[in-house]
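In: sequence unavailable; structure follows:
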């Protein structure tokens, strides 16, 4: 994330030809303006903008890594210079400067995002965006995004208009922690009767950076989605720049020709990363070494000279100067373009959105960012700068609060019949006159209309392998029903819990994201690779059930994708056959032990975000948000289940007609929203299917 700082060359001092003075860079790397760094920032932000505009720069996201290194380099130069000159660090002055520079422009962007959301984005997104804005204002949004990356309920969520603030959050956390560590090192040195030295600071940075690098490689391999956002996997990138700043006096002694060659090599590494890497590359991890190493080399080239001369070109200077504002404003424009298009827009629309974002970005830089940062009145008072920082933080929080207050809910007096209209024959097809303000659940609450097992943290995430279970119904009952499977099994927990309570049963749930009850080696689409944790979880759950047998196992699952013998995804008829065999084998492990298995047929997969579709097409939802019944079948697991149930002689309940009546799948039935996302049924609608589930299941449950 680009953040503006003072850019400087070291002291100019006479030196032998081809060799930098030992003094150069020893007092600080921040005593003058560096055109090459400004140009480097311009290159970095252009890469990010091009990537988000859909241009053929598949690794343009590495521009963020460039900024991390630059920030570590410049901030450490400032901090180290003050500490080495004065033996102390004035934290108040340091934080005040950061607040003046960064927070006003960020606060303005957040207010604009809230306004944009309330005017143009569907109400289904307001609550999540408000939460994101709060987290952004408090500079912890990267951790929120990391948690969301492993949250199965959020996997189909549209990108947040403040998602790009994750990198600013990482840098802000660095700005808070790194000076405190320096102060701690100064205090430690004083206790030992010594002065803190560059060497001591460099050792501290190297230790922290090395630990972060090791963790980055490990977590990227295990959980790349989470690794992308968390501070601990990115600290080494900032540390790389910091280490260069602390070793600048040594780098300055190197031959100038060698530094220039290193600078060009570094620029080439950044360019290579931008075009060779892609969204499919596990990142950061080892791959981040390309842009990080390249940036270090480019920065090193300019420590005792002009650096890579093209980066000092006049055309790059204004782009570098406004890079922070350009970064802040371009992503909301991309999200807005996507929202207005109702789906992925063409590249031309994205390019136009990014181009138009330059206007508010420049205005923000000229009217807010630069004036407040250079204000003599603010610079003269740490207290006034602190007030600016607090106010800017509160502005984002208050704006988010106002957006939350505006989220509409369902009136308390609404009692929608749902599937009952299909039983009593009053269903006449999707009713375009349905009052969407009395919809159950409210459109803004649809993503939260989930089974209670999610509230109890009973649903295992993609990385978990423990057979965590939750109990519903009569916990003391000797008649036990076990619900096992993925989220498409978990969505049946509400009516099953109600039946268990009425019948005096105990319902134990064992569910895991994207993981069916199967012995097959499965494929996880979100990581585009084998889902080894699913197999481990399956083994643990089956062993637990065999050790303490329930009276019946109820299972369901979404369509299963299987890994072949070569480790690649197995598709087509061969993939379906392997999926069917995996279901049969897993069920047989239980039935052979005398534990009955029954299957609830998978629900249809509509393929688009239904609540958002209704919110975007309030007047035409009956047409625009209804699909033929044969379309959802293409992604449903029902066909695989049918084949396995027939071969294994296992009972199967198919409720498709109550979800997709008369050959089509409507968004709303009987005043109840049927789907909460692209494939999961709302808990409200599932509850209206309880009679069919009860009539089928009760006769199948025989106490052991």
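Out: Sure, I can see it. Just so we're clear, the structure is a prediction, and the values are computed from it rather than from any experiment.
In: nearest residue to the residue nearest in space to the middle of the chain other than its sequence neighbours?
Out: What sits nearest the mean C-alpha location of the chain, by Cα atoms, centre = their mean, is residue 145, with 3.9 Å. Spatial nearest neighbour of residue 145, excluding adjacent residues (Cβ to Cβ, 6 or more residues apart in numbering): residue 229 at 4.7 Å. No exception for glycine: its C-beta is placed from N, CA and C like everyone else's.
In: where does residue 555 fall, secondary structure wise?
Out: Secondary structure from DSSP states H and E places residue 555 in strand 552-556.
In: now that strand: average pLDDT?
Out: Strand 552-556 carries an average pLDDT of 98.
In: which stretches of the stretch 51-200 of the chain form helices?
Out: 63-86, 91-120, 126-137, 141-149, 165-191, 198-222 (DSSP state H, counting those that start in this stretch).
In: chain center to the strand holding residue 555, what's the gap?
Out: Centre-to-centre, strand 552-556 and its host chain are 32 Å apart (Cα atoms, centre = their mean, to the nearest Å).
In: also stretch 105-117?
Out: Worked out by Cα atoms, centre = their mean, stretch 105-117 lies 20 Å from the chain centre.
In: ok, residue 357 touching residue 333?
Out: Yes - under the criterion of Cβ atoms under 8 Å, residue 357 makes contact with residue 333 at 3.8 Å.
In: residues near residue 376, how many?
Out: By the criterion of other Cβ atoms under 10 Å, residue 376 has 6 neighbours.
In: ignore the last one, residue 437
Out: Using other Cβ under 10 Å, residue 437 has 13 neighbouring residues.
In: helices and strands around the helix or strand containing residue 454, which ones?
Out: Assigned by DSSP H and E, residue 454 belongs to helix 452-455. Judged by 3 or more Cβ pairs under 8 Å, 6 or more residues apart in numbering; DSSP states H and E, helix 452-455 is in contact with strand 470-473, helix 493-503.
In: what's downstream of the shortest one, the next helix or strand?
Out: Reading on from strand 470-473 to the C-terminus, the next helix or strand found by DSSP H and E is strand 480-485.
In: now for the following helix or strand past that next one, which elements pack on it?
Out: Using DSSP H and E, the next helix or strand after strand 480-485 towards the C-terminus is helix 487-490. For helix 487-490, the contact count by 3+ Cβ pairs under 8 Å, 6+ apart identifies strand 506-512, strand 552-556 as packing neighbours.
In: got the contact list for helix 487-490?
Out: Contacts to helix 487-490, defined as Cβ atoms under 8 Å, 6 or more residues apart in numbering, come from residues 152, 451, 453-454, 459, 483, 509, 511, 513-514, 516-517, 554-558, 600, 602-603, 637, 679-680.
In: same question for stretch 319-329.
Out: If you take Cβ under 8 Å, 6+ apart as the criterion, stretch 319-329 is touched by 1-4, 37-42, 44-46, 48-49, 102, 105-106, 109, 112, 164, 357-358, 360-362, 364-365, 369.
In: can you give the contact residues for whatever helix or strand residue 644 lives in?
Out: Using DSSP H and E, residue 644 maps to helix 638-648. With contacts defined as Cβ under 8 Å, 6+ apart, helix 638-648 is touched by 556-557, 559-560, 576, 579-581, 583-584, 587-588, 591, 597, 599, 601-602, 633, 650-652, 654, 656.
In: tell me the mean pLDDT for it?
Out: When pLDDT is averaged along helix 638-648, the result is 96.
In: now do it against strand 552-556, angle only.
Out: Helix 638-648 and strand 552-556 are oriented at 150 degrees to each other (axes from the mean of the first three to the mean of the last three Cα atoms, to 10 degrees).
In: list the buried residues for helix 638-648?
Out: Within helix 638-648, the residues that count as buried by 16 or more other Cβ atoms under 10 Å are 638, 639, 640, 641, 642, 643, 644, 645, 648.
In: let's have the residues you listed in TSV, adding distance to residue 299.
Out: TSV is the format used below for the buried residues of helix 638-648 (distance: Cβ to Cβ, whole Å):
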residue	distance to residue 299
638	58
639	57
640	55
641	58
642	62
643	61
644	59
645	63
648	64
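In: the helix or strand of the chain with the lowest mean pLDDT packs against which elements?
Out: Using mean pLDDT, DSSP states H and E, helix 376-379 stands out as the lowest-scoring helix or strand of the chain, at a mean of 84. The helices and strands touching helix 376-379, judged by 3+ Cβ pairs under 8 Å, 6+ apart, are helix 91-120, helix 382-405.
In: related to what we said a few turns ago, out of the helices and strands packed on helix 452-455, which gets nearest to residue 341?
Out: With Cβ to Cβ, the closest approach to residue 341 among the helices and strands packed on helix 452-455 belongs to helix 493-503: 34.9 Å.
In: what about the closest one, distance to the chain center?
Out: 35 Å.
In: can you list contacts of that helix?
Out: For helix 493-503, contacts defined as Cβ under 8 Å, 6+ apart pick out 451-453, 472-474, 477, 479, 481, 483, 505-507, 509, 511, 554, 683, 686-687, 689-690, 693-694, 697-698, 701.
In: quick one: average confidence on it?
Out: Computed over helix 493-503, the average pLDDT equals 97.
In: show me what counts as buried in it.
Out: Residues of helix 493-503 classed as buried by neighbour count (16+ other Cβ under 10 Å): 493, 494, 495, 496, 497, 498, 499, 500, 503.
In: great, nothing more from me.
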